[in-house]
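Trainee: I'd like to go over a predicted model; first the sequence, then the structure.
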Amino acid sequence: MARVAYVCVGVSVASLTLAAVAGPSLPVTKPPVQPLPSWTGPGLDSHAQNGQWFADATGLPQPRSHEFYDNAVQFGGGFLGTDAIYGKVTNVVMVPGTAGITAFEITATITNDGPATGPWQPGRNSHGEFLVTQEQYVGTLYQAKLTAEFALASLQFVPAAWVGPYRDRPEYIVAVNHDQTAWYCYTPDNPVGLGPAGNYYVPAWDFGDIPVGTSVTRKLLFNVAGAITPNDPRFNAIMSSFQAPLGQGDVFLNRTTDLKIGDWLDELTLDLGVPYPTDGLLRGGNVSVFHNIPEPASLVLLTLGALLRRRPA
């Protein structure tokens, strides 16, 4: 059994004995994320105090309060370690007669694993935000979403200029079957002159609720604006993943060093299981998994119910 203390939105649930522990899943609200103010959210939440924001197909905004990571087992990960967020290339389309990749499919699996077996490194991102915390959420990942930080949501919806926190990365990978988009960059028209302005640029997919010890899998589809050729390092990542046996060839990673959407556009590369990779990976992540937790009252009731069920007869 593992003993976990968690504090959420004014309600303390401390020293609770639970049957299973998932981790690491950390709050991305403010606090504990700093600084405040930051001007890193949309206009309705300029300092991203409610966490990571998303917009659905109608433009309706909604936040996610927590981020789930795939740290290595001895560095704050769960029993699956760096495969807790796993992406395997399962189909590739190439230009006939050439070696250029024009489309591909990634089969993505998120596993709510556990327990976390050690401490993790703090996170930061390209907007100066940082997170230092030892507290993790325990339980179902509610309304989970995966963001692909190496891809565009649309060729027609890009920043006015690839400057500052925006990183240009042709040939562009463009998401095809995403459900929503995620916020990236600074609050437009903020009074302190931070820029460039942000928007809901990053493609995201819904993964629903993921209880502890279970997995959810989806197929993510991508096109390429042009073609990814062998002189592009992403070519080797895609083809190595495609040719690898099932369970290998992971191209998704999200270590705790990569806070929220740490950088965009990011690199599509192989996750080799390095605890905190930095070479070509910016902050150690190219996807993110965000989710909600129960409301405080629901969390207390769930915990009390679990404790009552565990009482001896």
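Mentor: Received it, and whenever you're ready, just let me know what you need. Quick caveat: nothing in here was measured; it's all calculated off a predicted structure.

Trainee: low-confidence stretches in the stretch 1-150 of the chain?
Mentor: Low-confidence segments of the stretch 1-150 of the chain (pLDDT under 70): 1-23, 115.

Trainee: how about 50 then?
Mentor: Flagging of the stretch 1-150 of the chain using pLDDT under 50 yields the residue ranges 1-22.

Trainee: now the stretch 151-300 of the chain
Mentor: Scanning the stretch 151-300 of the chain for pLDDT under 50 picks out 297-300.

Trainee: just the strands in it please.
Mentor: Counting by DSSP state E, counting those that start in this stretch, one finds strands in the stretch 151-300 of the chain at the ranges 173-175, 180-184, 199-210, 215-228, 287-292.

Trainee: the second one: partners in the sheet, and parallel or antiparallel?
Mentor: For strand 180-184, sheet partners with direction are given as strand 52-55 (antiparallel), strand 199-210 (antiparallel), following DSSP bridges.

Trainee: pick the most buried one from the ones you listed.
Mentor: Greatest average neighbour count among those goes to strand 52-55 (a mean of 22), per mean count of other CB atoms under 10 Å. Heads up, the C-betas are built off the backbone N, CA and C, glycines and all.

Trainee: and the following helix or strand past it, which residues are buried?
Mentor: Per DSSP states H and E, the first helix or strand lying C-terminal to strand 52-55 is strand 61-64. Buried residues in strand 61-64, counting neighbours by 16 or more other CB atoms under 10 Å, are found at 61, 63-64.

Trainee: other SSEs contacting whichever helix or strand comes after strand 61-64?
Mentor: The element immediately downstream of strand 61-64 (helix or strand, assigned by DSSP H and E) is strand 66-68. Using 3 or more CB pairs under 8 Å, 6 or more residues apart in numbering; DSSP states H and E, the elements in contact with strand 66-68 are strand 25-27, strand 141-148, strand 287-292.

Trainee: need those in TSV with distance to Ser154 and mean neighbour count, can you?
Mentor: Shown next, in TSV, are the helices and strands packed on strand 66-68 (distance: least, CB to CB, whole Å; neighbours: other CB atoms under 10 Å):
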stretch	distance to Ser154	mean neighbour count
strand 25-27	30	23
strand 141-148	13	25
strand 287-292	18	26
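
Trainee: using JSON lines, please lay out these together with distance to Leu221.
Mentor: Formatted as JSON lines, the helices and strands packed on strand 66-68 follow (distance: least, CB to CB, whole Å):
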{"stretch": "strand 25-27", "distance to Leu221": "27"}
{"stretch": "strand 141-148", "distance to Leu221": "11"}
{"stretch": "strand 287-292", "distance to Leu221": "15"}
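
Trainee: and the spatially closest residue to Phe150 that is not a sequence neighbour, what does it touch?
Mentor: Excluding the flanking residues, the one nearest Phe150 by CB to CB, 6 or more residues apart in numbering is Leu268, at 4.2 Å. For Leu268, the contacting residues are 150, 173, 234, 237-238, 251, 286, by CB atoms under 8 Å, 6 or more residues apart in numbering.

Trainee: and with 7 Å instead?
Mentor: For Leu268, the contacting residues are 150, 173, 234, 237, 251, 286, by CB atoms under 7 Å, 6 or more residues apart in numbering.
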